[in-house]
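> the sequence isn't on hand, but the structure is:
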């Protein structure tokens, strides 16, 4: 069967990108599986870039959505009061905030992560009255000018066409920078009256830099960062867009450090079904917004409220979180036992269900590309990240069945061997069923 | 029945705004009607700020959505190739582009209008290699830093917390500026080698400034603008987010001027159901994007493709457009016959189904606020826009039944009388049924 | 005799410029005359771009300088208290400020005009706390980034290599902009809450745009500008670098309008001898500087204080000012009687002893270049200014002997004829003595 | 005798600063001595902030100046070719450039250091086409917006009133930053495609940060910096305004490292007499300026050419340089033997004839202020620098007589003892003659 993609090539801008890595026309998704028009099935280790933590089309959420749609409930509501939003707010407080003793207020933004980053930076600047923001090398926060200014990637920055200002980049503990005391560096900059770098309103961080190449900030580092912010009267903003909603094992990624950011940004999996939604959480006393100072037509995506509320139920009781840890253990063990032995120059990094296999020292970006392609040809969707795209990023749904998780991991192992990373043996076709469906 | 809004006040940020003008908890919507938990029904002259041109929950679209959801079709797909996107693209070309002889390529952006504006400005700067953009006084383009820089509103700009640069504001034919040759002004600036204003990559315009107060650019002005851009090698970008998708009587708002912008930005009603979606159309030869130079997690909102495709059917044949003109005629007549006579200082502006009643010279913003509130109390949802919010903006669904259109207009008439705008007679309660439901 | 300029071409950067228009090696100057190594003498209608209002090496000033040098008085004194500065300050107050009832305080800046512009803009922003400045199309204020941002010239701006921000350009009454109500335009921008243009801290203006092409702002326009600033709480800054110190007939160029700017910038002729000096005058209550907030190594140029003080004596009594008016009358008459008749398309503009002959409509920049070259070959130094350098700028010392003034004017007339601007007759060699010395 | 400073307080802006540290009205200067109206004499350890490397009013230079003035030679010449400039250029090439095998071209800027920094940064950006510049924490480069953006001092930056952009600050080997590999840091930033920091056009450095607190960059560090620039295609710009012209023992301060910067900025002592002058040296192939792209009225300060040429004679033969080394040795010995023993927490840094006594750990800025005041009261002019002004900066004329050098050093020793820095003994009045004149 020939794949009909003509119209895309004819009509869709060259800016399209993932379709180049995954050349299929997709039809359906269920759980950890994706289905294509060509009849193939893929295990999903990508999860919509972190938007599908509960898998594709989970039935409990789907039921709520269908019912909501059928009943002609309100779909587009700007920032009206609606029944759907009310229910979401009530459950978010009950299930997420209260058990964690968090007293946040919530702002619904235009339903993209970047929009919430923009809102958070605006609010921080408004609160502290200082234009500067510190962000971290390797960080990714979005593509609109405000968040792009805080994003490290050179090519994406260049596409702005204007100088990006207002953000100073600080070292993140990785590579050369891991060898220096990066928190000490920031502190020295702040204490030096001639550093040329003004005190910022806020420090914006990811506890795990996902796009940056799955760089996990050490817990002690996060704690020192929070402490530094507190001592210097700087707001701490956690961008939990990709690694929040359970990705690292707890609902918020910062829970492992026991710190409470002043602002938290959520998007991606917060709707539970891949529907657009984004939010800024802010400590109660920081809510100095005036009405409509930041707005947006789709900031009340009612379907996303409905789905998001249904998704919160996963967090009732500890079962779901326990499941993540179980899977984390599996992946960690697999990587240590099956992948590292392939080549000791492979770097493994991760936490919860976000893991990176960094091939920077054994083949680099091209090898990673070939490995990812081999995976896809053998029924596994996996994306690359990091500088020069050298990192295979394992990002499955948090509730992926263990068998599929193992299958996917084996496919990666096979792919690495197939591209020549191997202590001696050849890669074999590990997934004939899926690959030839 | 007491309205339960406690959780909103407790948990939702003060930035919320429309809920203050329309203090109800909404439950359902159908066609031109909105229903609230308190049992009331409202005629909708707001249409989700222009996102509901086909009304609430139109059945033909709804059916497609429900079917799509039930079948576990793919919901979140980034910029994968999907069956839903393919169908949307095919129909968009067939129904919209080809009949209008437009050879645009399409970029799907993060599903907010502001994200598409950001993308369009990036692309324009990339194409021409000049950082500058011209935008117009009174214009509104969004809240992220790139689009906010092109937005005129003082308060919204101030909330940025950083200087907004890269955009120069030019006079739009309104108020004092209507008295000068604004295109001549722009031309003089461009021709003057000492104007201090660098030649821009693009001029970004709305053919009708909706948020600006329903300011309709004269057709000849639009033509001169397009001609000026052509002669000076400047890209012309039409922000058709609010007044595209039929709002002015034709699918694109610029059709009346017979010009073809280099880039067109669509959002709001393009999904037909109030679901988040946004797109940039660009002339084929301008698609110089490299893969992923602008991206975003929700840029492929599959549900919106499904709904958007279904919405395109409204544009098959000329019936739908004819319906808009019929309603335009009704509103125009009504305003001329029933509203202007109330006070000759009322200014009426509009086109298609976007009309403004400007009370700047008869009571101003406060009178407009009272009038809108009176409308709401009498079963009509209507919003204000313009400087100091002096303009009542009539923005009903494009297929609103004539009876409801009339009912809404009469409610406005009554409200104006109730707030004291009247040549002598008192306002009467015009909508007892709706108001007391 | 061959001109020895090898070392310049070998060692001096290509950025050098006037030496290209005036290819001579100059040796001495006296009064209105310049002498070159080749033995030629030139009448100076350029006056060091306005730095030599009292002519070259005027004896009364020279005597003071020589005496000061010989006595080993302090030469470099930063912002120390010195005897020379004290004497200058006392006389400046006595001779300039007090008779004009001006209560200004004085800041000595790094001894360049651009440095004083930088200081004035900083102070204005500090006072009002708003980053924006309004400047005028056609204006010239200097080459360092702060003043360059307020300078209109395209090529000079482009050389910055970074976007220049913080300044908004407003129409100056010239060309197309003369046809619109430019003060009304500014007022409309300020009053429009959606103009996209924030209220500035200050409006920076030249009462005569010298580099811009000798554009004289109408007196009523200046008064309206001052009034607008007052009503909108905006500081008014007069850049009197080129047209202050008597150039327009009064010491300050704004005296003709009867307004008192909040800040005044002086440089060029303030030292009276062409020595580097610059100052910012500020209304007493605006002096909110903290010590050293703006500094510079050469801000106390003692020789310039000595010369500047001696130069102030020219302003004791009304004789000097009367002399300017006498010369103004001569030039004006000459231009009207001898130049305009050559071609009615010649535009004449001016005031005091700054006059422009604009050839934009009869030959443009190239004709002006040839005419200026012809002048130089015939013993007159004259420079061009304005867009495309179409304007011959008459800028002689304010005390130029009338015979030399006439001689120079006749040389211009001859040059215009020589380049073909003539109602019939040919140009003749008008200045054989000077030209062939 | 009462000091008459009324007019300064009445008329001069509060921005004045050094006059507050040195409350005298100065009259004359000769060699290393300054004389005040009150009859006192001061040894000058300040040298006009580095502008008087050859002392006050050196006779050989003075003679040239007087002769030049008397002869009515041209004083103000913009960038005309003049005899004075030619002679300066010839000698500069002969005496400075050729013996050092440097093939620089020369640009004369507006006669302030900051103007030359502006020019150098413009040129660098023009050459490389990248807006960014790297500068160093602790660096000082001037007060106009372009150079201020590269200056570290917080208070001075704040006075800009606008965000300063286009410059990224890098660690200079001092304090905390001395403990990290700062060149490695820069290299890591450049190599990281996600550092968020774009590759700059140039790196701007001082080999000794004078204002920063007399921080001497290690020679090996300078060499690594030059090497890094070369490998990354980045221009290296040496700001030698304060520490060039022999201050560190060689004419250019970078000679000790054996590297050749692409651009060098000179000002302050280049005229030899404290007269305003500044220059940019650029490698021949980098002179891509177009005529007049950077200009300024006083860029050809003829008196400064005359004096500067005369000053170059100091550099003929090795005697002058040898004299600096002799004095360096004296100061270094004195500091080690007489100052450090006072308190081991005193930090001594320096080179050539720029030395800092850093009291940051023994009393800080206030102690330094009292010590400097005590010096002044006892006939020594000395200024403070560094963060919080904790560093007494020894900056005498390079040819200061040894007896005066010793006298000044003893005065410092006495002052430190007087303010309580002492291992036991009391300060005595060391300079009764000078102090009580």
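Alright, I've got the coordinates. Quick caveat, the model's predicted, so the values are computed rather than measured.
> so for residue A:300, what's the pLDDT?
As predicted, residue A:300 sits at a pLDDT of 85.
> tell me how far it lies from residue B:87.
Distance from residue A:300 to residue B:87, counting by C-beta to C-beta, to the nearest Å: 27 Å. In this view, the C-beta of every residue, glycine as well, is placed from N, C-alpha and C.
> what of residue A:296?
27 Å.
> with neighbour numbers in mind, choose between the two.
Shown here are residue A:296 and residue B:87; by other C-beta atoms under 10 Å in any protein chain shown, residue A:296 has more neighbours (26 against 18).
> was I right about the more buried one contacting residue B:147?
No: using C-beta atoms under 8 Å, residue A:296 makes no contact with residue B:147, being 10.5 Å away.
> joint contacts of the two?
The contact sets of residue A:296 and residue B:147 overlap at B:113, B:114 (C-beta atoms under 8 Å, 6 or more residues apart in numbering or on different chains).
> tell me the pLDDT of residue A:435.
Per-residue confidence at residue A:435 stands at 37 (pLDDT).
> try residue A:423
pLDDT for residue A:423: 80.
> which SSE is it in?
Using DSSP states H and E, residue A:423 is not contained in any helix or strand.
> ok, and the closest non-adjacent residue to the residue in chain A positioned nearest to chain C?
Per C-beta to the nearest C-beta, the residue of chain A with the smallest distance to chain C is residue A:163, at 6.4 Å. Residue nearest to residue A:163 in three dimensions, not counting chain neighbours: residue D:131, with 5.4 Å by C-beta to C-beta, 6 or more residues apart in numbering or on different chains.
> do the same with residue A:117
Nearest one to residue A:117, counting by C-beta to C-beta, 6+ apart, is residue A:147 at 3.9 Å.
> then residue A:43?
Closest to residue A:43 by C-beta to C-beta, 6+ apart is residue A:408, at 4.6 Å.
> repeat that for residue A:112.
For residue A:112, the spatially nearest residue (C-beta to C-beta, 6+ apart) is residue B:110, at 3.9 Å.
> quickly find the element holding the residue nearest to residue A:163.
Assigned by DSSP H and E, residue D:131 belongs to no helix or strand.
> pretty sure it is in contact with residue A:164, am I right?
No: under the criterion of C-beta under 8 Å, residue D:131 is not in contact with residue A:164, lying 10.4 Å apart.
> the stretch 301-437 of chain A against chain B: which residues are in contact?
A:301, A:303 (C-beta under 8 Å from any C-beta of the partner chain).
> quick check: which element contains the nearest residue to residue A:183 once chain neighbours are set aside?
In this structure, residue A:183 finds its nearest non-sequential neighbour in residue A:224, 4.4 Å apart by C-beta to C-beta, 6+ apart. Following DSSP H and E, one finds residue A:224 within helix A:219-232.
> chain center to that helix, what's the gap?
Taking the mean of its C-alpha atoms, helix A:219-232 sits 22 Å from the chain's own mean (C-alpha atoms, centre = their mean, to the nearest Å).
> next secondary structure after that helix?
Criterion used, DSSP H and E; the element after helix A:219-232 is strand A:235-239.
> show residues contacting the following helix or strand past that next one.
Going down the chain from strand A:235-239, the next helix or strand is strand A:263-266, by DSSP H and E. Under the criterion C-beta under 8 Å, 6+ apart, residues A:104, A:113, A:116-117, A:120, A:123-124, A:202, A:235-241, A:244-245, A:252, A:254, A:278-283, A:286 lie in contact with strand A:263-266.
> can we see that at 7 Å?
If you take C-beta atoms under 7 Å, 6 or more residues apart in numbering or on different chains as the criterion, strand A:263-266 is touched by A:104, A:116-117, A:120, A:123-124, A:235, A:237-241, A:244-245, A:252, A:278-282.
> coming back round to it: hmm, residue C:161 and the residue of chain A closest to chain C touching each other?
No: look at residue A:163 against residue C:161 with C-beta atoms under 7 Å: they stay out of range, at 10.8 Å.
> between these two, which contacts overlap?
The contact lists of residue A:163 and residue C:161 share residue D:131, where a contact means C-beta under 7 Å, 6+ apart.
> tell me which of the two has more neighbours.
Between residue A:163 and residue C:161, counted using other C-beta under 10 Å, the more crowded position is residue C:161 (22 against 18).
> residue contacts, that one?
Contacts of residue C:161 by C-beta under 7 Å, 6+ apart are D:122, D:125, D:126, D:131.
> got a list of what residue A:307 touches?
When contacts are counted by C-beta under 7 Å, 6+ apart, residue A:307 touches A:61, A:64, A:65, A:271, A:272, A:273, A:275.
> so which of those is the closest to residue B:292?
residue A:275 (22.5 Å; C-beta to C-beta).
> now that closest one: phi and psi?
Note on residue A:275: backbone dihedrals following degrees, to the nearest 10 are phi -90, psi 150.
> what number of residues are in the vicinity of it?
For residue A:275, using other C-beta under 10 Å, the count is 29.
> spit out the contact partners of it.
Applying C-beta under 7 Å, 6+ apart to residue A:275 gives the contacts A:301, A:303, A:304, A:307.
> what's near enough to touch the nearest residue to the first one once chain neighbours are set aside?
I take that to be residue A:301. Distances taken as C-beta to C-beta, 6+ apart place residue A:111 nearest to residue A:301, at 4.9 Å, with adjacent residues excluded. Residues near residue A:111 by C-beta under 7 Å, 6+ apart: A:276, A:277, A:278, A:298, A:299, A:301, A:304, B:111, B:112, B:276, B:298.
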